[in-house]
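Sequence isn't available, so here's the structure alone:
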């Protein structure tokens with residue numbers, strides 16, 4: 001399926017869940033790997049805030065893209081963030097959603113307030 005680039009320059013993104021290994025198979029505990037590089041994948045939870053609306057989303061990041069110094073509740077940057085629609089049938093029920101993936105997760109700063117003066 002097609003991936004859709006997500007423009008994040010006007011958004012505030014806050015880390016809500018620390019990076020943890022992405023599990024491919026819950027029964028065996030197998031960790032998900034990137035199909036091209038074979039690198040282990042991690043998931044993080046963030047709140048994405050833009051134009052007064054917020055969404056809680058999970059984002060997949062390669063293990064090498066997880067920066068040091070991440071703090072829960074602090075702003076982060078997600079360079080190369082893309083969204084990919086998906087659908088599948090599980091136990092006879094059709095499911096669908098949007099998967100998010102980023103090249104990295106790095107500490108960021110809160111945006112300056114609009115109209116603020118120093």
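Everything's here; your move. These numbers come from a predicted model, not from an experiment.

Would you mind pulling up the elements that the least confident helix or strand in the chain by mean pLDDT packs against?
Within the chain, no helix or strand scores below strand 23-25, which has a mean of 89 by mean pLDDT, DSSP states H and E. Secondary-structure packing of strand 23-25 (3 or more Cβ pairs under 8 Å, 6 or more residues apart in numbering; DSSP states H and E): strand 30-31. C-beta here means a position set from N, CA and C on the backbone, and glycine is covered the same way.

Give the pairing partners of the least confident helix or strand of the chain; include direction for each.
Next to strand 23-25 in the sheet, as set by DSSP bridges, lie strand 30-31 (antiparallel).

Show me what the helix or strand following the strand it pairs with is packed up against.
Scanning forward in sequence from strand 30-31 by DSSP states H and E, the next helix or strand is strand 41-50. With contacts defined as 3+ Cβ pairs under 8 Å, 6+ apart, the packing partners of strand 41-50 are strand 12-21, strand 53-62.

Give me the contacts around strand 41-50.
8, 10-22, 31-34, 54-63, 66, 76, 78, 105 (Cβ atoms under 8 Å, 6 or more residues apart in numbering).
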